[in-house]
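>>> Mind looking at a prediction? Sequence and model below.
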Amino acid sequence: MSSILLRSSRFRQLGAQFYSEVAAEPLPEPMLIAWNGELATSLGLPSDAGSVPGLADAFVGNQAIAAESPVATVYSGHQFGVWAGQLGDGRAMLLGELAGQEIQLKGAGQTPYSRRADGRAVLRSSIREYLCSEAMYGLGIPTTRALALVGSPEAVWRETRETAAVVTRVAPSFLRFGHFEHFYYQGNHAALKALADFAITHYFPHHQEAANPYQAMLDEVIERTAELIADWQAVGFCHGVMNTDNMSLLGLTIDYGPFGFLDGFDAGHICNHSDHSGRYAYGMQPEIGLFNLNCLAQSLLPLLDRDEAIAALKRYQGEFETALADRLRAKLGLQLEDANDWQLFTRLFELMQPGHADWTIFWRALCRFDTAGLNEPIRDLFVDREAFDAWAWDYKARLTLEGRDQEQRQTAMLAVNPKYVLRNHLAEQAIRQAKAGDFSEVVRLQLLLKQPFDEQPEFEAYAGLPPDWASELSVSCSS
Ligand code: AMP
Ligand code: MG
């Protein structure tokens, strides 16, 4: 194992008030369930897990692979719209860095921020996080990555007895909005400034010379968040717990918990079973993005000009709409902007809503829209077919006006409308098999979702409608 040695995490440069040194709590009989060979290579690690003995021990936390002890960072946050006070890495620890990326274990034991929880993650949720981070990466959506998934027979109690697992996460930084909120609400403006300076130096160096670097950083975080949420909306991804402590400063998708991809389109779809008010429903995500950015801007106020900060926040809605419109036009195979674009989009959503037309299947089917044909396979996805015909008429008019070669348009559309997403029932199937000791479905899904835009005929069933039992699946925060 001596072949792997992590560099010290740059987060340590911030000093002791930003983190606690921790030790991973060993787990018995660790078993490497999945290894991300491609990501490993980019980090300078072997792509073939079999070639390195002891990987499971290293990436479950049983054996040190860095000179210094791991650290858990402190942050706070607004949870479900309410100030929650101090939180922190309750079950995550930074091990160190490889190739400029932070390496973090999730589920390796308690930290000073665990509160009364066990510091563990169960196999079920770890499989979901491992697969979804890589699925999002495959979709081209900014995200933390997953390097390894290690399981252990150690019992972990949730609603019932489950078993432990550890995911190794990789990102340039795991900084969250909540890190800034923490020091702001403590009234510790010196620490707040040190943290903002650290973030700018390492992650926004191009703003160092700006008139106000903190404002420039905030502007970029607003933009990246708008772009990220536009990505989510376009692919039908629901995060499920958009608390400010789950919002990445870098605009990455972070903390995969009760997330879900839309099956049938429903603007009010709530993927998190514990979200009784629907605060984090699919259609709410853009607005919640703004709420969270407001919390971040508030925390940075000691470093900002108030009016400039407010003006920046006011730009969010426009930035989001532009980003979403760009994505929707691409999904529709349109190249030119038109004054009636939003009408075309919203009419489509209104058509999809009543019958909950399947989001992924619809867009993929639309790729084959024929301006000279009847398009029955697409039409059949709607309950109100005459209304679809009216929409399709206007859509066809737009396509005709643009005059793009049909084959070219179809190819472009196939490259932005995925065939495969990590639907709940697909993850669930992998989880059920894994619980029975068979991890092959995890590996199969990881491979499949690497190329979500490619036709993979042997996996046709994975692109179909969810089975009836899928509607009974519920995912909550207790992971
Ligand atoms: P989440 O909603 O999963 O992002 O978690 C919110 C907070 O609770 C974070 O500070 C987590 O570190 C902490 N937390 C969640 N689950 C556990 C656990 N099993 N053990 C310790 N801390 C946890
Ligand atoms: Mg979290």
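Looks like it arrived, so ask away. Ligands and ions are numbered 1, 2, ... in the order given.
>>> Need the pLDDT of residue 429.
With respect to pLDDT, residue 429 scores 97.
>>> State the distance from it to residue 471.
Distance, residue 429 to residue 471, by Cβ to Cβ, to the nearest Å: 15 Å. C-beta: built from backbone N, CA, C; applies to glycine.
>>> out of the two, which sits in the more crowded spot?
More neighbours surround residue 429 than the other of residue 429 and residue 471, with 18 against 12 (other Cβ atoms under 10 Å).
>>> Would you pull up how far the helix or strand hosting the more buried one lies from the middle of the chain?
Using DSSP states H and E, residue 429 sits within helix 424-435. Chain-centre distance of helix 424-435: 19 Å, with Cα atoms, centre = their mean, to the nearest Å.
>>> Please identify the buried residues of that helix?
Across helix 424-435, burial judged by 16 or more other Cβ atoms under 10 Å covers 424, 425, 426, 427, 428, 429, 430, 431, 433, 434.
>>> Identify, from those, the entry nearest to residue 166.
Nearest to residue 166 out of those is residue 434 (Cβ to Cβ; 14.1 Å).
>>> quick one, what contacts that closest one?
Contact analysis of residue 434 by Cβ atoms under 8 Å, 6 or more residues apart in numbering lists 33, 123, 127, 151, 441, 442.
>>> Pretty sure residue 366 sits against residue 410.
No: at 9.6 Å, residue 366 does not count as touching residue 410 under the criterion of Cβ atoms under 8 Å.
>>> Output the helix or strand containing residue 229 as PDB, restricted to C-alpha atoms.
Using DSSP H and E, residue 229 falls within helix 213-235. C-alpha atoms of helix 213-235 as PDB (Å, rounded to 0.1, in the frame of the first residue of the first chain):
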ATOM      1  CA  PRO A 213     -12.400  40.100  -5.400                       C
ATOM      2  CA  TYR A 214     -15.100  39.000  -3.000                       C
ATOM      3  CA  GLN A 215     -17.800  40.500  -5.100                       C
ATOM      4  CA  ALA A 216     -16.300  38.900  -8.200                       C
ATOM      5  CA  MET A 217     -16.200  35.600  -6.500                       C
ATOM      6  CA  LEU A 218     -19.900  35.900  -5.500                       C
ATOM      7  CA  ASP A 219     -20.800  36.900  -9.100                       C
ATOM      8  CA  GLU A 220     -19.200  33.800 -10.300                       C
ATOM      9  CA  VAL A 221     -20.800  31.600  -7.700                       C
ATOM     10  CA  ILE A 222     -24.200  33.000  -8.700                       C
ATOM     11  CA  GLU A 223     -23.500  32.300 -12.300                       C
ATOM     12  CA  ARG A 224     -22.200  28.800 -11.700                       C
ATOM     13  CA  THR A 225     -25.200  28.000  -9.500                       C
ATOM     14  CA  ALA A 226     -27.600  29.300 -12.100                       C
ATOM     15  CA  GLU A 227     -25.900  27.100 -14.700                       C
ATOM     16  CA  LEU A 228     -25.800  24.100 -12.400                       C
ATOM     17  CA  ILE A 229     -29.500  24.300 -11.600                       C
ATOM     18  CA  ALA A 230     -30.300  24.800 -15.300                       C
ATOM     19  CA  ASP A 231     -28.400  21.500 -15.900                       C
ATOM     20  CA  TRP A 232     -30.500  19.800 -13.300                       C
ATOM     21  CA  GLN A 233     -33.700  21.000 -14.700                       C
ATOM     22  CA  ALA A 234     -32.800  20.100 -18.200                       C
ATOM     23  CA  VAL A 235     -31.900  16.500 -17.300                       C
END
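>>> That helix - contacts with which helices or strands?
Under the contact criterion of 3 or more Cβ pairs under 8 Å, 6 or more residues apart in numbering; DSSP states H and E, helix 213-235 touches helix 189-203, helix 285-300, helix 306-332.
>>> would JSON lines of those helices with distance to residue 96 and mean pLDDT be doable?
Formatted as JSON lines, the helices and strands packed on helix 213-235 follow (distance: least, Cβ to Cβ, whole Å; pLDDT from 0 to 100):
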{"stretch": "helix 189-203", "distance to residue 96": "15", "mean pLDDT": "98"}
{"stretch": "helix 285-300", "distance to residue 96": "27", "mean pLDDT": "98"}
{"stretch": "helix 306-332", "distance to residue 96": "34", "mean pLDDT": "98"}
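>>> which of the ones you listed sits most buried?
helix 285-300 (a mean of 20; mean count of other Cβ atoms under 10 Å).
>>> ok, and does it reach over to ligand 1?
No: Helix 285-300 lies out of reach of ligand 1 by Cβ under 6 Å from any ligand atom, never closer than 13.3 Å.
>>> now the angle from that helix to helix 213-235?
Counting by axes from the mean of the first three to the mean of the last three Cα atoms, to 10 degrees, helix 285-300 lies at 170 degrees to helix 213-235.
>>> Mind listing residues that contact helix 285-300?
So helix 285-300 is contacted by 78, 81, 177, 180-181, 183-185, 192, 196, 214, 218, 221-222, 225-226, 228-230, 232-233, 238-239, 242-244, 247, 279-280, 304, 309, 312-313, 316-317, 320, 324 (Cβ under 8 Å, 6+ apart).
>>> Would you mind listing which of the residues you listed are buried?
Among the contacts of helix 285-300, the ones that count as buried by 16+ other Cβ under 10 Å are 78, 177, 180-181, 183-185, 192, 196, 214, 218, 221-222, 225-226, 228-230, 232-233, 238-239, 242-244, 247, 279-280, 304, 309, 312-313, 316, 320, 324.
>>> ok, and of those residues, which contact ligand 2?
By Cβ under 5 Å from the ion, no member of the buried ones among the contacts of helix 285-300 lies near ligand 2.
>>> Stretch 417-425 spans what distance, first to last residue?
20 Å (Cα to Cα, to the nearest Å).
>>> in it, what counts as buried?
Neighbour-count burial for stretch 417-425, counted by 16+ other Cβ under 10 Å, picks out 417, 418, 419, 420, 421, 422, 423, 424, 425.
>>> what's the answer for stretch 107-121, then?
Buried, per 16+ other Cβ under 10 Å, within stretch 107-121: 107, 108, 109, 110, 111, 113, 114, 118, 119, 120, 121.
>>> re earlier: keep the buried residues of stretch 417-425, but drop any that are not near ligand 2.
The subset of the buried residues of stretch 417-425 within reach of ligand 2, by Cβ under 5 Å from the ion, is empty.
>>> I'd like the residues you listed as a markdown table, with distance to residue 252 and pLDDT appended.
Converted to a markdown table, these look like this (distance: Cβ to Cβ, whole Å; pLDDT from 0 to 100):
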| residue | distance to residue 252 | pLDDT |
| --- | --- | --- |
| 417 | 23 | 98 |
| 418 | 19 | 98 |
| 419 | 24 | 98 |
| 420 | 22 | 98 |
| 421 | 18 | 98 |
| 422 | 17 | 98 |
| 423 | 22 | 98 |
| 424 | 22 | 97 |
| 425 | 26 | 97 |
